[in-house]
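1. Predicted model and sequence below, questions to follow.
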Amino acid sequence: MEIGEFQRRLRALYGARDRARGRDATFLWFVEEVGELSRALRRGERGNLEEEFSDALAWLVSVATLSGVDMEEAARRYAAGCPRCGRTPCACPAVRRSGRRPRRARHRR
């Protein structure tokens, strides 16, 4: 299933509920699912990972829909390579120990 089709399917399945719940509450559900995914990863619950990944993805797509974001368009940001350096594989500076990439220096005007 392609991501645009997935977004349309979720909108048909849960759109009314998501709108009634609102974006902020839907985002909280997404965060909860990410927490469940985190636990499954830490515990090595291999059999549970597919379910937790799919739940986290579904809630993320629901938040995007409520925010007016087309996930197909959002995914295209990576189509030509790394959005930052444009290369495949990415040639940006290595990731720090914290798991975050170094910030790019801001240019003052």
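-> Thanks, I have the structure now. No experiment lies behind these values; they were computed from the predicted model shown.
2. CA only for contacts and neighbour counts going forward, please
-> Will do.
3. who does the strand or helix carrying A40 touch, helix- and strand-wise?
-> If you go by DSSP states H and E, A40 is part of helix 23-43. Packing partners of helix 23-43 (3 or more C-alpha pairs under 8 Å, 6 or more residues apart in numbering; DSSP states H and E): helix 46-66.
4. Show me what counts as buried in the helix it packs on.
-> Of the residues in helix 46-66, 49, 52-53, 55-66 count as buried by neighbour count, 16 or more other C-alpha atoms under 10 Å.
5. just curious, which of those residues is nearest to I3?
-> For the buried residues of helix 46-66, the minimum distance to I3 (C-alpha to C-alpha) is 8.9 Å, reached by V61.
6. How about the contacts made by the spatially most central residue of the chain?
-> The residue lying closest to the centre of the chain (C-alpha atoms, centre = their mean) is L60, at 5.5 Å. Shown in contact with L60 (C-alpha atoms under 8 Å, 6 or more residues apart in numbering): 27, 30.
7. now swap in the one 4 residues further on and tell me
-> Contacts were defined as C-alpha under 8 Å, 6+ apart; by that measure A64 touches 70-71.
8. Can you give me the distance of it to A91?
-> With distances taken as C-alpha to C-alpha, to the nearest Å, A64 is found 29 Å from A91.
9. picking up where we left off before, which residues does the helix holding A40 contact?
-> With C-alpha under 8 Å, 6+ apart as the criterion, helix 23-43 contacts 18, 46, 48-49, 52-53, 55-56, 59-60, 62-63, 66-67.
10. re the thing from before, okay, the residue nearest to the centre of the chain: pLDDT?
-> In this model, L60 is scored at 98, pLDDT.
11. ok, now V95?
-> 70.
12. and it, which of the three is it?
-> coil (DSSP: H, G, I helix; E, B strand; the rest coil).
13. Enumerate every residue touching R84.
-> Contacts of R84 (C-alpha under 8 Å, 6+ apart): C92.
14. can you count the residues close to R43?
-> 9 (other C-alpha atoms under 10 Å).
15. Run through the protein and note the low-pLDDT ranges.
-> Along the chain, segments meeting pLDDT under 70 span 96-109.
16. try 50 this time
-> Applying pLDDT under 50 to the chain flags the ranges 105-109.
17. Please consider this matter closed, and thank you.
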